[in-house]
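Enquirer: no sequence on this one, just coordinates:
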């Protein structure tokens with residue numbers, strides 16, 4: 001398919017093309033990445049572009065759509081997440097130099113929303129080994145919105161600008177996890193951390209990575 005004008009299509013039109021397999025998630029993602037690369041140096045719209053992650057997710061979506069495992073009406077459509085939304089493992093600076101190196105570990109509120117909206121049946125927790133030296137690990141469980149508790153991610157951008165995350169602190173394990181090959185090999189505190197994440201998210205954890213190599217992925 002000619003991808004020159006994909007960025008002008010409505011999102012529901014893209015979804016129909018993907019579901020009918022007239023367009024692949026990989027083609028769509030590559031086109032969007034090329035457009036970002038070409039225009040964003042002048043527009044400066046994106047704080048962080050995760051090329052490899054986007055393509056890996058697109059390949060996975062393409063495989064699932066090919067097997068008729070369509071999780072939602074927008075399965076395979078690439079998205080951009082506002083820099084105000086905590087995203088695990090990705091720099092989330094909220095446009096402030098003070099937070100330019102801040103990488104959230106987990107935001108249960110956003111993940112719960114993703115599970116519900118996208119029909120996720122399992123989660124993959126990456127870079128668990130990055131937390132090996134932490135004495136305590138904060139986990140975002142909800143938001144404070146103008147003094148009220150907010151258990152869901154607000155749909156309005158103006159509300160998102162006002163929310164403040166509320167954290168639950170879990171104990172760290174202070175032990176290396178890179179050698180773990182089974183869930184039972186992880187320290188008890190690490191297993192408790194994973195249990196808490198899936199309880200908060202409302203979806204089971206299927207994979208846990210403890211390093212950069214393929215043999216460092218634990219299938220739960």
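Expert: Structure received. Since we're looking at a predicted model, the values are computed, not measured. Residues are numbered from 1 along each chain as shown.
Enquirer: ok, residue 120 - contacts?
Expert: Residues counted as contacts of residue 120 (C-beta atoms under 8 Å, 6 or more residues apart in numbering) are 71, 114, 203. Where you see a C-beta, it was placed from the backbone N, CA and C, and this is true even at glycine.
Enquirer: which other residues reach the longest strand anywhere in the chain?
Expert: Once the chain is assigned using DSSP state E, the strand that runs over the most residues is strand 136-145. For strand 136-145, contacts defined as C-beta under 8 Å, 6+ apart pick out 86, 104-110, 131, 149-151, 153-154, 159, 162-172, 193, 196-197, 200.
Enquirer: so where's the longest helix in the protein?
Expert: Assignment by DSSP state H gives helix 25-43 as the longest helix of the chain.
Enquirer: outside of it, which residues touch it?
Expert: Taking C-beta under 8 Å, 6+ apart as the rule, helix 25-43 contacts 1, 3, 6-7, 14, 18, 45-46, 49, 51, 54-55, 57-59, 61-62, 65, 76-78.
Enquirer: Kindly report the same for stretch 56-64.
Expert: Contacts of stretch 56-64 (C-beta under 8 Å, 6+ apart): 24, 25, 26, 28, 29, 30, 70, 71, 75, 76, 78.
Enquirer: Include distance to residue 122 and neighbour count when you put the residues you listed into CSV, please.
Expert: Conversion of the contacts of stretch 56-64 to CSV gives the following (distance: C-beta to C-beta, whole Å; neighbours: other C-beta atoms under 10 Å):
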residue, distance to residue 122, neighbour count
24, 23, 20
25, 19, 24
26, 22, 18
28, 23, 24
29, 21, 22
30, 26, 18
70, 16, 16
71, 11, 15
75, 15, 17
76, 17, 25
78, 20, 18
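Enquirer: pLDDT-wise, what's the bottom of the residues you listed?
Expert: Across those, the smallest pLDDT goes to residue 71, namely 73.
Enquirer: Check whether that one sits in a helix, strand or coil.
Expert: coil (DSSP: H, G, I helix; E, B strand; the rest coil).
Enquirer: where are the low-confidence patches of this structure?
Expert: 1-4, 84-86, 88, 93-102, 104-106, 116-117, 155, 157 (pLDDT under 70).
Enquirer: still on that earlier bit, helix or strand right after the longest helix of the chain?
Expert: helix 51-66 (DSSP states H and E).
Enquirer: domain parsing for this structure?
Expert: The chain resolves into domains spanning 1-80, 105-220 when parsed by automatic domain parsing.
Enquirer: can you redo those as TSV with distance to residue 90?
Expert: TSV is the format used below for those (distance: least, C-beta to C-beta, whole Å):
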stretch	distance to residue 90
domain 1-80	6
domain 105-220	10
